[in-house]
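K.L.:
Need coordinates for the following:
(2 chains)
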There are 2 protein chains.
Amino acid sequence: MSDQKLPPRSKDFSEWYNELVIRSELADYAPVRGCMIVRPYGWALWENIQQSLDRRFKATGHVNAAFPLLIPRSFIDKERSHVEGFSPELAVVTHGGGEELEEPLVIRPTSETIIGYAYSKWIQSYRDLPVLINQWNSVMRWEMRTKLFLRTTEFFWQEGHTAHATLKEADIETRQMLDIYQDFAVNDAAVPVIPGLKSEQERFAGADQTFSIEAMMGDGKALQSGTSHNLGQNFAKAFDIRYLDQNGELQYCWTTSWGLSTRFIGAIIMVHGDDQGLILPPRLAPHQAVIVPIFKTDEERTKVMLAARKIRSELVSSDFRVVLDEREGVSPGFKFNDWEMRGVPLRIEIGPKDIAKETVVLARRDIPGREGKSFVPQAGLPDSVRQALNSIQGALYERALKFREDNTTAPENYAAFKGAVEKGFAYSFWCGSAQCEKSIKEETKATLRCIPLDQTGDKGACIYCGKPAEEKAYFAKAY
Amino acid sequence: MSDQKLPPRSKDFSEWYNELVIRSELADYAPVRGCMIVRPYGWALWENIQQSLDRRFKATGHVNAAFPLLIPRSFIDKERSHVEGFSPELAVVTHGGGEELEEPLVIRPTSETIIGYAYSKWIQSYRDLPVLINQWNSVMRWEMRTKLFLRTTEFFWQEGHTAHATLKEADIETRQMLDIYQDFAVNDAAVPVIPGLKSEQERFAGADQTFSIEAMMGDGKALQSGTSHNLGQNFAKAFDIRYLDQNGELQYCWTTSWGLSTRFIGAIIMVHGDDQGLILPPRLAPHQAVIVPIFKTDEERTKVMLAARKIRSELVSSDFRVVLDEREGVSPGFKFNDWEMRGVPLRIEIGPKDIAKETVVLARRDIPGREGKSFVPQAGLPDSVRQALNSIQGALYERALKFREDNTTAPENYAAFKGAVEKGFAYSFWCGSAQCEKSIKEETKATLRCIPLDQTGDKGACIYCGKPAEEKAYFAKAY
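P.N.:
Sure, this is the predicted structure:
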């Protein structure tokens, strides 16, 4: 709530981000290294993200459950790639109830193993399939270099875990959940994303295939914003998840897992924010509009507050999330800045002149100054607010898409490629060799983000080695 | 989903409970000792409890947030009673990221300490008060003897933590939250509860006052079903939570905390259930009604399923939570038993005769056999269902209240007291001495559950020592 300006986004993107998260009270550092506190404003945003996703999960037949926080250490060892991927990141409980434990327990870094254990008990017959379970929780992966929302030791997410009778069904599920993530990102968060397949190098530890949605941040870097894994029969074999098929034969299940985390809040900040602070998409914003009353005398105050409260109750009745800023001792200008910093999409100003004219001022957060202001009648305000919010939602998406397009190139050669990944995404042919991918990473710090699903079928030459290549991939520096 | 009968509730209440939780698929044992898996059916019930409480919390100005899972060990030591109460129950993380930690971390047994740390940073001035934050999470207390929902090492709950400028405000908050718990228990869970003050012995470790709601289970034992603590300035002093008052002087805050956990699911099971299984209160039941289609021939099947689907869509449009049991290969009788065991409040049967007569059968879960059945027209079914569910909700509460009243006595003397606590609650004068309380516990296993808020002001003689006593208290054996 200070009046100080944020460091300009264009000058120091990283510092702008760090200060904005703290100043807007989205999150704070915890006393335990690498952990974060999600403050009420940040959690309200996460709750809206949760509802937005949960609605989609339930509409596609998924149900929620809760699996334990602690996992026997030996479980992690049961799947070969999984143990390699996660062992270095584990938090280990060695003592409980004042005594040393016989077997150490780990705090879940992800729950494939403990859920695999449960599914092996619960699934007996083809009649029990598919099992479509999600859980909302936090997980822990020890991190050395942390950044609020983007990389913390404990983070909040949902993890879906499903079991199916056939590979085909598991594949359909994996793709369906990727579609749901894309639909959420585009339509509710106004974040354009590229859905695609990860290379073998970048795959989840234990998956046969990992799909992701990749978004471009305001500094041109990529953020993996949600992942969906086809786990094949890897965990089914490690945890003996089997079912009797219609012919009475025992078969291994095919499983999937998919997750989206509080990282996505980082995406919303870095895609939409500006020098003034956050800009939140109306569909997810904790407050879609803020009403700021303007007055000087006590007489004005009485009239203005009366009208402001009436407007609030009208908008709340129309299901808008609205806040009326009744704070005393701070000026309207301070309030404008404060709510701009917090990214409230629409400001409704009402003063003595507006009362006389029976109008209010609507000020859009996404368009600064006069251009973003309009005078609208108080009568029919819910409709005007609805229109304004829809327009802001659409404009945020269009602006982010244009930014991504402007900063994505299909470089002619490797020299141009190096320049391209300095400012954004490079979209290039790749021969499929892990060695080329690795060399690119070493030489440019850009990683293969994904092989997008909609390939044209064209053929070309690998951007690194020049050998024939059948698919194009996005490369970028990434968070 | 087996056809086996449950152990009768009247014969072996404990085994009835254990089997019912597993068979109705509310929860399952986890591979880590003392932990539980809350299965989708149990979690759907918890989600309804969450919504029911969260709505009340938000209506009284509270907001949600998320604080870290891990707490530095030294934090627990800062409040004297707190460390005594919780030290024996801690799970301790000694290693992270492959290395031994400099300071061990504990998994939160409750979050007063880490939230106290945060509040000391966030609160500067009287303008920042009150702070009214809740979080939904899981906590961990090492338990030797566990029972699903009632006593597990990890359990799920909400914990509210507030900070105020004055003792009076903290007291009002503590009572308000107790009222909210009571309102939820009575009106949504149909569980009668006694709100009251805990004795010093039974107080939360670190509180000046602990209030609870106490419910009588179907075996006459008590279950503490929600608690609200006035923490005085204990945590404010331990964590230096201070504010500048209107005169510019530094003052310690007054804090509260309050929680209700998945234990409450145990209360719902033990208050309402019967030999056939669960009986869930309509306001919280994951499925309020189940439609069971009845047919023999394929022709009947077509007609019945058409009508059943139409009914489902009508009821869903009217915002009922309804499931249509389309399972093949199992008889209607099997389905009846299965859904009875799972406690669905209302069954809607529809067969060829009903189609001809344009009626359905409504069968109430709380009234077995013919007496609970009625034939109602298909036209206007949502109204009939609404009436039936309201009636069931009310009847469950009345029955539970009558049971509690029938099993609560005001014994004449200590000999009668001993008999009273064998079958239910004893409501007796108590002189206020911790020694009497302790002797009663040692001799009868009954504990002082609470000193109810609505005292008549009468005076009497302590049920144990006979000395003058000014207040009455409930004593019972408890879970």
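K.L.:
When you work out contacts or count neighbours from here on, use the C-alpha atoms and nothing else.
P.N.:
OK.
K.L.:
Residue A:43 and residue B:64 touch, don't they?
P.N.:
Yes. Here residue A:43 reaches residue B:64: they are 6.5 Å apart, a contact under C-alpha atoms under 8 Å.
K.L.:
ok, residue A:89 - contacts?
P.N.:
The contact partners of residue A:89, taken as C-alpha atoms under 8 Å, 6 or more residues apart in numbering or on different chains, are A:109, A:141-143, B:96-98.
K.L.:
And the residues you listed, which is closest to residue A:212?
P.N.:
Distances from residue A:212 to the contacts of residue A:89, taken as C-alpha to C-alpha, are shortest for residue A:109 (18.8 Å).
K.L.:
on that earlier part again, for the contacts of residue A:89, give me TSV that also has neighbour count, secondary structure and distance to residue B:347.
P.N.:
TSV is the format used below for these (neighbours: other C-alpha atoms under 10 Å in any protein chain shown; DSSP: H, G, I helix; E, B strand; the rest coil; distance: C-alpha to C-alpha, whole Å):
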residue	neighbour count	secondary structure	distance to residue B:347
A:109	23	coil	42
A:141	23	coil	47
A:142	24	coil	50
A:143	19	coil	52
B:96	23	strand	52
B:97	18	coil	53
B:98	13	coil	55
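K.L.:
Where is pLDDT lowest across those residues?
P.N.:
Here the lowest pLDDT out of the contacts of residue A:89 sits on residue A:143, with 87.
K.L.:
Can you find the helix or strand of chain A with the lowest average pLDDT?
P.N.:
helix A:80-86 (a mean of 84; mean pLDDT, DSSP states H and E).
K.L.:
Name the residues that touch that helix?
P.N.:
Residues outside helix A:80-86 that contact it (C-alpha under 8 Å, 6+ apart): A:76-77, A:109, A:141, A:205-206.
K.L.:
if I look at residue A:400, how far off is chain B?
P.N.:
Using C-alpha to the nearest C-alpha, to the nearest Å, one gets 29 Å for the distance from residue A:400 to chain B.
K.L.:
where in chain A is pLDDT low?
P.N.:
Applying pLDDT under 70 to chain A flags residues A:1-3.
K.L.:
Now do the domain split for it, please.
P.N.:
What automatic domain parsing lists as the domains of chain A is A:13-272, A:289-388, A:409-476.
K.L.:
what sits against the residue in the stretch 101-250 of chain A that chain B sits nearest to?
P.N.:
Going by C-alpha to the nearest C-alpha, chain B is nearest to residue A:142 of the stretch 101-250 of chain A, at 5.1 Å. If a contact means C-alpha under 8 Å, 6+ apart, then residue A:142 has A:34, A:88-91, A:152-154, B:96-97 as its contacts.
K.L.:
Next one: it from residue B:258, what distance?
P.N.:
Noted for residue A:142: a distance of 31 Å to residue B:258, by C-alpha to C-alpha, to the nearest Å.
K.L.:
if we can go back for a sec, let's have the domains of chain A in CSV, adding distance to residue B:371.
P.N.:
Below are the domains of chain A laid out as CSV (distance: least, C-alpha to C-alpha, whole Å):
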stretch, distance to residue B:371
domain A:13-272, 35
domain A:289-388, 44
domain A:409-476, 60
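K.L.:
from those domains, which stretch is densest packed?
P.N.:
domain A:13-272 (a mean of 20; mean count of other C-alpha atoms under 10 Å in any protein chain shown).
K.L.:
end to end, how far does it reach?
P.N.:
First-to-last distance for domain A:13-272 - C-alpha to C-alpha - comes to 13 Å.
K.L.:
Same check on stretch A:19-29?
P.N.:
In stretch A:19-29, first residue to last residue: 12 Å (C-alpha to C-alpha).
K.L.:
Return the distance of that stretch from the chain's centre.
P.N.:
Taking C-alpha atoms, centre = their mean, to the nearest Å, one finds stretch A:19-29 lying 17 Å from the centre of the chain it belongs to.
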